[in-house]
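Peer 1: below: sequence and its predicted model.
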Amino acid sequence: MTDTSIPWRPLALDRFLIGVCHYPEQEPRDVWPEDADLMAQAGIETIRVGEFAWNVIEPSEGRFDFTLFDDAIAVFAARGIDTIFCTPTATPPRWLTERHPEILRADAAGVPLRHGSRQHCDVTHPVYRDYSRRITQALADHYRDHPHVVGWQTDNELNTHFSETHSVAAQAAFRTWLRRRYGDDIGALNEAWGSVFWNRTYNHFEQIETPVDNRPAAADPSHMLDYRRFLADATRDFQIDQVEILRAATPRWFIFHNIGRLNDIDLRAFGSDVDFMGTDLYPLLRDEFTKIGLGYTQAMQLDAFRGWCGNFIIPELQQGGGAHPGLATSVPEPGELRRFTLSSVARGADGVIWFRWTTARFGAEAYWMGVLDHDRKPRRRYHELVETIAELKSIRRDVLGTSVDQDVVILAADWENELAQSTFSLGLPSLIELALPLHHYAYSRNIRCGFAAPGDDLSRAKVAFIPHLAVWDERWTASLNRFVEKGGVLVIGARSATRDRRNHVLTTTAPGGLAELAGLTVSEFGRLPAPGAKSILSGPVFQIEKVSEGLAAESTRRVHGLRFAEGEPVVATHGYEVLEPGPDTEVIAHWDTRFLQGKPAVTRRRVGEGAVIYVGTYLTHPLVDRLFAPLFKSVGVHPVTARPTPGVEITTRSGPGRVLTFIENTTAESAEVEVNGEVVTLAPFGGRMLRTQA
């Protein structure tokens with residue numbers, strides 16, 4: 001039975017995990033006791049080990065040696081520190097790739113990767129899966145009765161660096177997957193892929209290859225869609241191999257995986273195979289990519305992840321500066337280690353494991369700083385860790401069993417729509433990016449906002465937003481109708497319910513399965529450039545980009561705005577729709593420019609005790625302010641504090657008999673904020689948790 005309460009689900013753990021990533025195989029044995037003593041003094045209760053140690057455990061084929069980890073686990077166990085073991089399959093040993101070079105991934109040109117990095121092996125290859133099962137079985141058999149091995153992480157950050165593979169094995173596995181999916185009927189596949197277009201029709205399955213960007217034209221989006229599904233299924237099957245072995249060994253172990261980047265992983269399905277999920281969190285690294293603000297970057301990542309998985313742990317949390325040979329991040333300032341940690345707990349973390357204990361002296365991460373520097377002396381980061389752990393231990397009993405409150409939910413946690421958007425984006429951003437204006441509006445005002453799937457139980461929410469979900473499942477319509485009838489407000493974004501699961505455009509008038517609920521149809525749609533864009537299209541066209549450098553395309557002059565009853569027009573972005581409302585549907589905003597002048601742009605339909613609002617464009621910050629500010633007030637969605645302080649996050653977690661209010665200062669300056677009638681003074685990167693009765 002499908003669990004529809006996931007976004008509000010706490011972890012089924014009887015302990016709040018407090019630990020560090022540790023690599024005893026990289027350290028001299030004579031320092032292990034000192035490490036264990038310092039960890040125990042800091043309050044560390046768990047170490048996470050082994051994800052890159054296959055060759056240590058199996059130095060040659062079939063010869064297993066557990067001595068190093070047995071001895072290390074014993075040293076730490078003597079200080080009361082338990083061990084989480086990782087299956088070491090992210091970095092297969094050289095003897096394996098030498099004996100079986102066919103297990104290496106291949107790029108789009110079919111060229112195999114080389115040994116020497118990580119994730120260079122192909123999870124679709126049966127030989128690699130056999131060896132992965134064997135090392136997992138050996139570890140499970142050896143540690144099944146060990147009282148201080150308490151849980152397992154499968155592999156490490158699957159698909160973070162690579163997800164695609166075009167090896168001979170992957171080609172064969174893809175064809176096998178397609179045969180199963182289409183019942184060995186090549187005609188059914190051709191129909192699903194629309195292969196008659198551009199003469200791509202196949203006569204038999206052996207003609208099919210993994211898709212690549214076949215210039216000069218685009219790859220078949222339906223072909224690409226199935227390939228991405230195949231990659232996700234292969235990744236899930238690879239994990240299931242290990243989970244089944246670990247579960248059979250003993251029921252007392254918990255099992256999880258740590259997500260690095262969400263590439264070709266169906267996270268709802270993938271997460272259902274383990275006890276809970278983890279997301280690795282490097283705020284200063286991610287901020288370099290997102291550039292949307294350090295505090296907000298972390299909040300966005302964790303809120304979105306929680307929508308897929310419910311509460312989670314952080315198996316790797318940045319506490320020092322990070323570096324690879326070609327890059328280096330900023331260094332967390334005094335207090336940020338604490339702030340990273342407590343902001344994570346506020347947004348659903350039920351366990352935190354910091355990366356890493358000692359700084360490596362060699363390898364690609366020799367300057368990815370640990371709690372201890374290269375000279376192994378405990379300094380600022382160690383002392384901050386001691387203080388942070390003490391704070392965690394003072395609140396963890398209250399935290400366990402609670403979940404993050406969400407009055408507003410963004411219904412973006414759907415794999416099929418992620419696939420549809422990424423394989424046929426029309427140049428639009430991802431679903432998460434399209435929802436950023438609403439999420440950021442809520443974040444900056446301390447309004448409780450998160451993510452969910454469109455089929456989830458939304459009874460604890462007041463407002464739900466469908467962020468342009470092109471693929472629609474009719475089963476969702478009934479549950480959303482109940483949500484609205486009971487007083488919820490559903491906001492539907494443009495181009496929703498316009499494609500099927502094959503990436504085919506529907507012939508029913510948009511918004512398809514949502515038309516009756518929304519009380520309208522769409523008679524016209526078109527693309528618009530993003531604010532500040534030089535045009536809709538980017539990149540060279542017809543090799544004349546130098547001639548046109550600095551010039552604006554006609555698309556940038558075709559600006560459209562929409563007008564509400566009050567205020568100035570709001571400029572639209574990404575696209576427009578012309579709406580044809582039904583007799584019981586009210587128009588609350590009209591198009592105000594060019595040929596769209598006066599045509600309906602935003603509508604509202606009363607349904608039961610609630611309402612459905614349809615927005616015939618994409619969200620911008622000004623549009624969110626104009627539309628959602630009065631909406632939130634009308635349905636009782638209020639900020640946690642009436643006077644938000646810039647840079648101060650306020651979130652709540654609730655459980656039986658209690659509400660926990662987390663107040664976190666994300667800035668390097670002192671701050672004051674009023675919460676529940678109390679003025680709270682916060683140090684730079686400081687915070688507090690307030691407990692009240694529910």
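Peer 2: That came through fine.
Peer 1: tell me the domain boundaries of this structure?
Peer 2: As recorded under the TED database, the domains making up the chain are 408-635, 648-693.
Peer 1: so which of those is nearest Leu342?
Peer 2: Leu342 lies closest to domain 648-693 among the domains of the chain, at 5.3 Å (Cβ to Cβ). Placement of C-beta: from N, CA and C, glycine included.
Peer 1: the residue nearest to Ala461 when sequence neighbours are not counted in helix, strand or coil?
Peer 2: Leaving aside its sequence neighbours, Ala461 sits nearest to Val409 (Cβ to Cβ, 6 or more residues apart in numbering; 4.6 Å). Three-state assignment for Val409 (DSSP: H, G, I helix; E, B strand; the rest coil): strand.
Peer 1: Val409: what's it in contact with?
Peer 2: Pro7, Gly307, Cys449, Gly450, Phe451, Ala452, Asp456, Leu458, Ala461, Val463, Ala464, Phe465 (Cβ atoms under 8 Å, 6 or more residues apart in numbering).
Peer 1: SS state for the nearest residue to the third one once chain neighbours are set aside?
Peer 2: The reference is to Cys449. For Cys449, ignoring the flanking residues on the chain, the nearest one in space by Cβ to Cβ, 6+ apart is Ala442 at 3.5 Å. On the three-state scheme (three-state DSSP), Ala442 is labelled helix.
Peer 1: from Arg604, how far off is Ala442?
Peer 2: Distance, Ala442 to Arg604, using Cβ to Cβ, to the nearest Å: 20 Å.
Peer 1: quick check: pLDDT value at Thr165.
Peer 2: As predicted, Thr165 sits at a pLDDT of 95.
Peer 1: can I assume it is in contact with Ala106?
Peer 2: Yes. Using Cβ atoms under 8 Å, Thr165 is in contact with Ala106, at 6.0 Å.
Peer 1: who's more crowded, these two?
Peer 2: Thr165 (25 against 20; other Cβ atoms under 10 Å).
Peer 1: for the stretch 201-350 of the chain, just list every one of the strands.
Peer 2: Using DSSP state E, counting those that start in this stretch, the strands of the stretch 201-350 of the chain run over 254-259, 276-279, 312-318, 323-324, 327-328, 349-355.
Peer 1: switch those strands over to CSV; also include mean pLDDT.
Peer 2: Shown next, in CSV, are the strands of the stretch 201-350 of the chain (pLDDT from 0 to 100):
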stretch, mean pLDDT
strand 254-259, 98
strand 276-279, 98
strand 312-318, 98
strand 323-324, 88
strand 327-328, 90
strand 349-355, 99
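Peer 1: can I get stretch 19-32 as PDB, trimmed to CA atoms?
Peer 2: Extracted in PDB, the C-alpha atoms of stretch 19-32 (Å, rounded to 0.1, in the frame of the first residue of the first chain):
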ATOM      1  CA  GLY A  19      28.600  10.700  14.500                       C
ATOM      2  CA  VAL A  20      31.500  11.400  12.200                       C
ATOM      3  CA  CYS A  21      32.700   9.900   9.000                       C
ATOM      4  CA  HIS A  22      36.000   8.100   9.800                       C
ATOM      5  CA  TYR A  23      38.600   6.400   7.600                       C
ATOM      6  CA  PRO A  24      40.800   4.200   9.900                       C
ATOM      7  CA  GLU A  25      42.400   2.600   6.800                       C
ATOM      8  CA  GLN A  26      43.900   6.000   6.000                       C
ATOM      9  CA  GLU A  27      45.400   6.500   9.500                       C
ATOM     10  CA  PRO A  28      48.300   4.800  11.400                       C
ATOM     11  CA  ARG A  29      47.100   2.300  13.900                       C
ATOM     12  CA  ASP A  30      48.900   4.000  16.800                       C
ATOM     13  CA  VAL A  31      46.600   7.100  16.500                       C
ATOM     14  CA  TRP A  32      43.300   5.200  16.700                       C
END
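Peer 1: could you list the buried residues of that stretch?
Peer 2: For stretch 19-32, the buried set under the neighbour-count rule, 16 or more other Cβ atoms under 10 Å, comprises Gly19, Val20, Cys21, His22, Tyr23, Pro24, Glu27, Trp32.
Peer 1: same check on stretch 140-151?
Peer 2: Ala140, His142, Tyr143, His146, His148, Val149, Val150, Gly151.
Peer 1: orientation of the lengthiest helix in the chain relative to strand 254-259 in degrees?
Peer 2: Using DSSP state H, we find that the single longest helix of the chain is helix 221-249. Angle of helix 221-249 versus strand 254-259, following axes from the mean of the first three to the mean of the last three Cα atoms, to 10 degrees, is 150 degrees.
Peer 1: hmm, back to that, among the buried residues of stretch 19-32, which lie within strands?
Peer 2: When the buried residues of stretch 19-32 are checked against strands (DSSP state E), the matches are Gly19, Val20, Cys21.
Peer 1: how about the contacts of Val409 in TSV, adding pLDDT and secondary structure?
Peer 2: Compiled in TSV, those are given as follows (pLDDT from 0 to 100; DSSP: H, G, I helix; E, B strand; the rest coil):
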residue	pLDDT	secondary structure
Pro7	93	helix
Gly307	98	helix
Cys449	98	strand
Gly450	98	strand
Phe451	98	strand
Ala452	98	coil
Asp456	97	coil
Leu458	97	coil
Ala461	98	coil
Val463	99	strand
Ala464	99	strand
Phe465	99	strand
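Peer 1: make JSON lines out of those and add neighbour count and distance to Gly278.
Peer 2: Below are these laid out as JSON lines (neighbours: other Cβ atoms under 10 Å; distance: Cβ to Cβ, whole Å):
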{"residue": "Pro7", "neighbour count": "27", "distance to Gly278": "17"}
{"residue": "Gly307", "neighbour count": "26", "distance to Gly278": "15"}
{"residue": "Cys449", "neighbour count": "27", "distance to Gly278": "22"}
{"residue": "Gly450", "neighbour count": "26", "distance to Gly278": "18"}
{"residue": "Phe451", "neighbour count": "26", "distance to Gly278": "17"}
{"residue": "Ala452", "neighbour count": "26", "distance to Gly278": "20"}
{"residue": "Asp456", "neighbour count": "26", "distance to Gly278": "21"}
{"residue": "Leu458", "neighbour count": "26", "distance to Gly278": "26"}
{"residue": "Ala461", "neighbour count": "24", "distance to Gly278": "25"}
{"residue": "Val463", "neighbour count": "28", "distance to Gly278": "29"}
{"residue": "Ala464", "neighbour count": "23", "distance to Gly278": "27"}
{"residue": "Phe465", "neighbour count": "25", "distance to Gly278": "27"}
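Peer 1: which residue is nearest the centroid of this structure?
Peer 2: Phe305 (4.2 Å; Cα atoms, centre = their mean).
Peer 1: look up how far Ile314 lies from the nearest residue to that one once chain neighbours are set aside.
Peer 2: Spatial nearest neighbour of Phe305, excluding adjacent residues (Cβ to Cβ, 6+ apart): Thr279 at 4.7 Å. Distance of Thr279 to Ile314, computed by Cβ to Cβ: 7 Å.
Peer 1: of these two, who's got more company?
Peer 2: Between Thr279 and Ile314, Thr279 has the larger neighbour count (other Cβ under 10 Å), namely 28 against 25.
Peer 1: quick one on the thing from earlier: which residues do Thr165 and Ala106 both contact?
Peer 2: By Cβ under 8 Å, 6+ apart, Thr165 and Ala106 have these common neighbours: Asp122.
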